[in-house]
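Asks: Sequence unavailable; structure follows:
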């Protein structure tokens with residue numbers, strides 16, 4: 001019993017020495033030498049132990065520690081390492097006064113994980129953020145292995161006749177600890193959300209007023225309403241007490257969290273079924289993927305469902321995959337670590353895939369819910385829930401019932417634009433047995449808004465005001481309206497709500513007919529590039545990125561002008577010009593006359609819901 005007690009006390013003392021020997025938090029970039037030194041120590045001890053094994057065993061037999069030979073040798077080597085570490089860091093200022101704020105910092109040449117940022121402060125490189133995050137979890141695995149080998153050695157030496165087990169894991173744990181301490185730094189490099197933006201900064205002016213007035217003069221016969229206004233800056237209410245690791249990681253990385261954001265993290269961490277209303281992708285992505293990242297590290301799989309059938313060359317699904325990769329990149333600075341598979345009816349599930357993007361129809365058609373991959377499935381993410389419930393409600397309902405029968409602990413997370421009775425619809429549609437948690441994010445309007453609302457019908461087309469001669473093809477409204485913004489070199493220009501329109505053909509046809517442009521208001525020589533290059537449109541509109549300034553050209557597809565206005569202007573934080581093209585419908589003029597009121601208290605569409613009849617059949621209403 002005495003050797004066991006001595007070993008346990010030695011382990012506690014060695015750990016205290018290692019912790020005490022660290023430099024202050026924020027200065028550990030100076031101890032760059034400790035991880036490679038720990039690796040060299042491991043190699044040296046292994047070599048010396050196996051080359052001088054008889055002598056070492058004789059020495060340990062004399063003092064009564066023969067049964068713990070490898071463990072004792074490892075601990076003696078780590079004691080020497082800990083004393084050397086404490087001495088080196090003490091000699092270089094570990095116990096002195098902290099450096100003043102005005103002292104210019106420098107990063108040692110071999111401290112490859114760190115750099116100086118624009119403020120000349122030492123920051124952890126974005127390439128190493130994921131390594132640090134991974135070590136937060138891997139360190140517990142290494143500790144578990146060490147404790148297992150320790151217990152095995154104790155059992156083998158005392159009671160059980162067990163085979164020998166290598167006990168050098170203490171040195172492996174030392175490498176993990178030293179690497180973790182070296183990378184533990186409060187300042188992290190922020191990855192660029194859009195690297196292209198850093199190369200070509202936006203030329204957008206801060207005031208669209210003159211252009212806003214010109215639009216009214218050119219297409220006066222199509223104008224329904226012109227409106228510009230300012231909105232107060234949104235007030236962020238931060239959570240009072242942040243205890244969840246994922247939330248603290250986001251705060252350390254520079255993200256700002258509201259009470260609703262923290263509530264989402266709480267519900268996700270508790271594996272509650274969750275409905276997130278009006279959560280634009282850029283706002284909700286860091287919150288959602290910080291939790292999904294931990295689940296992937298824990299060995300869980302994630303299923304991402306869309307309304308549309310999946311095909312290999314589908315631009316819609318490729319956009320979803322890029323969004324997932326970008327979300328992980330922003331958190332970890334690593335884009336390809338987790339394998340994302342586009343699954344269609346022509347493919348089989350790849351066992352190495354950790355995330356599958358597909359539709360319920362594809363899974364049901366292949367009948368693969370019994371595949372081994374699904375045994376590790378804990379999270380099902382529904383992208384654009386209102387689209388799913390409109391286009392493929394029955395298939396998703398059947399799939400969720402099947403999955404919950406086989407794997408009852410599955411969590412469903414729905415991202416959706418808000419609709420009336422949405423919470424009860426989701427609970428029914430997705431077979432949620434417990435109370436469904438709902439969080440509504442309510443995106444804020446930009447600080448300055450310039451709104452132009454156009455009618456689609458009329459005796460003339462939009463193109464007649466800018467093109468000479470007779471153009472047989474109809475060029476739509478949004479592509480033509482974008483000409484004035486293109487002339488002014490405004491960026492970014494985006495179309496939205498174009499899912500049912502051949503927007504690319506409109507832009508392409510305009511490019512082919514540039515010579516027919518009138519000198520006023522837009523001449524061909526005033527256009528810098530082709531429209532297909534200057535005007536962007538997301539195949540998956542709900543994944544459109546948020547920007548500080550936008551010029552947006554959107555179609556009122558749902559025949560609900562206030563909802564379209566609220567939805568699209570919120571994709572800009574500071575300054576936006578929104579063009580809304582409205583087809584004729586019954587309530588359009590009523591909405592126009594009362595737009596300010598309905599923008600504050602809009603009328604939401606009803607959500608689709610599965611209804612069970614007396615015959616136990618499913619009907620959609």
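Replies: Noted; the coordinates are in hand. These numbers were taken from a predicted model, which means no experiment stands behind them.
Asks: got a list of what residue 363 touches?
Replies: 343, 369, 399 (C-beta atoms under 8 Å, 6 or more residues apart in numbering). In short, each C-beta sits where N, CA and C put it, glycine included.
Asks: try 10 Å
Replies: Listed by C-beta atoms under 10 Å, 6 or more residues apart in numbering, the contact partners of residue 363 are 303, 305, 310, 343, 345, 349, 356, 369, 371, 374, 395-396, 398-399, 402-403.
Asks: which strands and helices sit next to whichever helix or strand residue 86 is part of?
Replies: Residue 86 is part of helix 69-91, with elements assigned from DSSP states H and E. Applying 3 or more C-beta pairs under 10 Å, 6 or more residues apart in numbering; DSSP states H and E, we find helix 69-91 packed against helix 2-20, helix 34-51, helix 53-63, helix 129-158, helix 169-183.
Asks: Residue ranges in the stretch 151-300 of the chain under the pLDDT threshold?
Replies: Within the stretch 151-300 of the chain, the segments meeting pLDDT under 70 span 160-167, 190-206.
Asks: And the stretch 401-550 of the chain, by the same measure?
Replies: Using pLDDT under 70, the flagged stretches of the stretch 401-550 of the chain are 433-434.
Asks: redo that, cut-off 80
Replies: The model of the stretch 401-550 of the chain has pLDDT under 80 over residues 429-435, 442, 469-472.
Asks: which residues in it form strands?
Replies: For the stretch 401-550 of the chain, the strands defined by DSSP state E, counting those that start in this stretch cover 411-416, 437-440, 448-455, 493-496, 535-537, 547-555.
Asks: Work out the gap between the first one and the centre of the chain.
Replies: So that's strand 411-416. Offset of strand 411-416 from its chain centre (C-alpha atoms, centre = their mean, to the nearest Å): 15 Å.
Asks: swap in the shortest one?
Replies: On the basis of C-alpha atoms, centre = their mean, strand 535-537 is displaced by 22 Å from the centre of the chain it belongs to.
Asks: which strands and helices sit next to that strand?
Replies: Contacts defined by 3+ C-beta pairs under 10 Å, 6+ apart place strand 535-537 against helix 478-487, strand 493-496, helix 503-512, strand 547-555.
Asks: Residue 409: which of these is closest?
Replies: Closest approach to residue 409 among the helices and strands packed on strand 535-537 is made by strand 493-496 (37.8 Å; C-beta to C-beta).
Asks: I'd like to know which elements that closest one is packed against.
Replies: Helices and strands touching strand 493-496, by 3+ C-beta pairs under 10 Å, 6+ apart, are helix 478-487, helix 503-512, strand 535-537, strand 547-555, helix 561-569, strand 572-582.
Asks: Now do the buried residues in stretch 129-147.
Replies: For stretch 129-147, a neighbour-count test (16 or more other C-beta atoms under 10 Å) marks 129, 130, 131, 132, 133, 134, 135, 142, 146 as buried.
Asks: which one is the fifth one nearest to, not counting chain neighbours?
Replies: By that I understand residue 133. residue 332 (6.4 Å; C-beta to C-beta, 6 or more residues apart in numbering).
Asks: what's the distance between that neighbour and residue 593?
Replies: Residue 332 is 50 Å from residue 593, where distance means C-beta to C-beta, to the nearest Å.
Asks: next one: residue 458
Replies: Using C-beta to C-beta, we find residue 458 at a distance of 19 Å from residue 593.
Asks: same deal with residue 491?
Replies: 34 Å.
Asks: out of the two, which sits in the more crowded spot?
Replies: Counted by other C-beta atoms under 10 Å, residue 491 and residue 593 do not tie: residue 491 has more neighbours, with 20 against 11.
Asks: Verify the stated contact: that one with residue 485.
Replies: Yes - between residue 491 and residue 485 there is a contact at 8.9 Å, judged by C-beta atoms under 10 Å.
Asks: what distance separates the helix holding residue 86 from the middle of the whole chain?
Replies: In terms of C-alpha atoms, centre = their mean, the centre of helix 69-91 is found 41 Å from the chain centre.
Asks: How about stretch 526-543?
Replies: 24 Å.
Asks: Stretch 346-360 now?
Replies: 20 Å.
Asks: before we move on, back to that, could I get the helices and strands packed on strand 535-537 as a markdown table with distance to residue 176 and mean neighbour count?
Replies: Shown next, in a markdown table, are the helices and strands packed on strand 535-537 (distance: least, C-beta to C-beta, whole Å; neighbours: other C-beta atoms under 10 Å):
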| stretch | distance to residue 176 | mean neighbour count |
| --- | --- | --- |
| helix 478-487 | 54 | 23 |
| strand 493-496 | 46 | 24 |
| helix 503-512 | 52 | 19 |
| strand 547-555 | 41 | 23 |
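Asks: Can you check which of the ones you listed gets nearest to residue 314?
Replies: Here helix 503-512 is closest among the helices and strands packed on strand 535-537 (C-beta to C-beta), at 15.2 Å.
Asks: Hey, what's the angle from the closest one to helix 478-487? Just curious.
Replies: When axes from the mean of the first three to the mean of the last three C-alpha atoms, to 10 degrees is applied, the directions of helix 503-512 and helix 478-487 differ by 50 degrees.
Asks: got the angle for helix 503-512 vs strand 547-555?
Replies: In terms of direction (the same axes, to 10 degrees), helix 503-512 departs from strand 547-555 by 90 degrees.
Asks: Which strands and helices lie in contact with helix 503-512?
Replies: Checking 3+ C-beta pairs under 10 Å, 6+ apart, helix 503-512 ends up next to helix 478-487, strand 493-496, helix 531-534, strand 535-537.
Asks: if we can go back for a sec, and the helix holding residue 86, average pLDDT?
Replies: The average pLDDT within helix 69-91 is 85.
Asks: Can you name the element that comes right after that helix?
Replies: Once helix 69-91 ends, the next helix or strand along the chain (criterion: DSSP H and E) is strand 114-116.
Asks: buried ones in that next one?
Replies: Those would be residue 114, for strand 114-116 by 16+ other C-beta under 10 Å.
Asks: Show the subsequent helix or strand relative to that strand.
Replies: That would be, after strand 114-116 and using DSSP H and E, strand 122-124.
Asks: Report the mean confidence score over that following strand.
Replies: For strand 122-124, the mean confidence score works out to 85.
Asks: List of residues touching that strand?
Replies: For strand 122-124, using C-beta under 10 Å, 6+ apart, the contacting residues are 26-30, 105-107, 111, 113-117, 131-132, 182-190, 333.
Asks: how close does the residue nearest to residue 375 when sequence neighbours are not counted get to residue 370?
Replies: By the measure of C-beta to C-beta, 6+ apart, the closest residue to residue 375 outside its immediate chain neighbours is residue 407, 7.3 Å from it. In this view, residue 407 and residue 370 are 11 Å apart by C-beta to C-beta.
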